[in-house]
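Peer 1: sequence unknown, structure follows:
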Ligand code: IMP
């Protein structure tokens, strides 16, 4: 598995520093509020687990599964809800937890949906941001690290469902997905 990675972009230690920093920022900004953290499956799982332990507030956790890649390395632009929330977000402060923002098709669609469902506020925290990949204009509220436009895996991010268990984020060698 490690041999398929050409370069480590975010090390285990840096990931933990990011979770600590972002957790503190969220805690500060949501004092006296009880937000709902909505993780977008499956990529959010390690990040949700780590950042949530640095958010010193009472909050709910909920999950949703949406897909825009359908297994490849480029967004199809067509966002499908595969599993919906099991709680109401009406009148609630929502913080979406994402692994990465690329084209922003997914996040912009979900934010519009959550506003339509009556959330009082919708913000998002992402571990990674690839601003060069944007198809729709969007600036995440909390960003762990800005990375160049490369296809990355690890720490929740997959290629055809593999590599999510890597403890770091690395660039996948192009020969892995071109063969
Ligand atoms: P967007 O809709 O293009 O912003 O992409 C959002 C989703 O695409 C993320 O939640 C990921 O699941 C997936 N994605 C985007 N870039 C990468 C990548 O470099 N590696 C793995 N998945 C990615």
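Peer 2: Received it, and whenever you're ready, just let me know what you need. This structure is a prediction, so every number in the text was calculated from the model and none was measured.

Peer 1: separation between the nearest residue to residue 102 once chain neighbours are set aside and the ligand?
Peer 2: Using CB to CB, 6 or more residues apart in numbering and skipping residues adjacent in sequence, the residue nearest residue 102 is residue 133, 4.0 Å away. (Glycine included, C-beta is placed from N, CA and C.) When distance is defined by CB to the nearest ligand atom, to the nearest Å, residue 133 is 6 Å away from the ligand.

Peer 1: Same question for residue 42.
Peer 2: For residue 42 relative to the ligand (CB to the nearest ligand atom), the value is 8 Å.

Peer 1: thought that residue was touching residue 158?
Peer 2: Yes. Between residue 42 and residue 158 there is a contact under CB atoms under 8 Å: 7.4 Å.

Peer 1: where do the contact lists of the two overlap?
Peer 2: residue 164 (CB atoms under 8 Å, 6 or more residues apart in numbering).

Peer 1: ok now do the residue nearest to residue 102, which residues does it touch?
Peer 2: Here residue 133 is in contact with 102-103, 149 (CB under 8 Å, 6+ apart).

Peer 1: again, 10 Å this time
Peer 2: For residue 133, the contact set (CB atoms under 10 Å, 6 or more residues apart in numbering) comprises 74-75, 100-105, 147-150.

Peer 1: Show the buried residues in those residues.
Peer 2: Using 16 or more other CB atoms under 10 Å as the burial test, these include 75, 100-105, 147 as buried.

Peer 1: Just confirm residue 62 is within a strand.
Peer 2: Yes. Per DSSP: H, G, I helix; E, B strand; the rest coil, residue 62 lies within a strand segment.

Peer 1: Now do the same for it: its pLDDT.
Peer 2: The model reports residue 62 with a pLDDT of 98.

Peer 1: Can you pull up the most central residue in this protein?
Peer 2: residue 98 (1.3 Å; CA atoms, centre = their mean).

Peer 1: got the phi/psi numbers for that residue?
Peer 2: phi -120, psi 150 (degrees, to the nearest 10).

Peer 1: what's the nearest residue to it if we skip its chain neighbours?
Peer 2: Nearest non-adjacent residue to residue 98 (CB to CB, 6+ apart): residue 126, at 4.4 Å.

Peer 1: Near that neighbour, how many other residues are there?
Peer 2: Other residues near residue 126 number 23, with proximity taken as other CB atoms under 10 Å.
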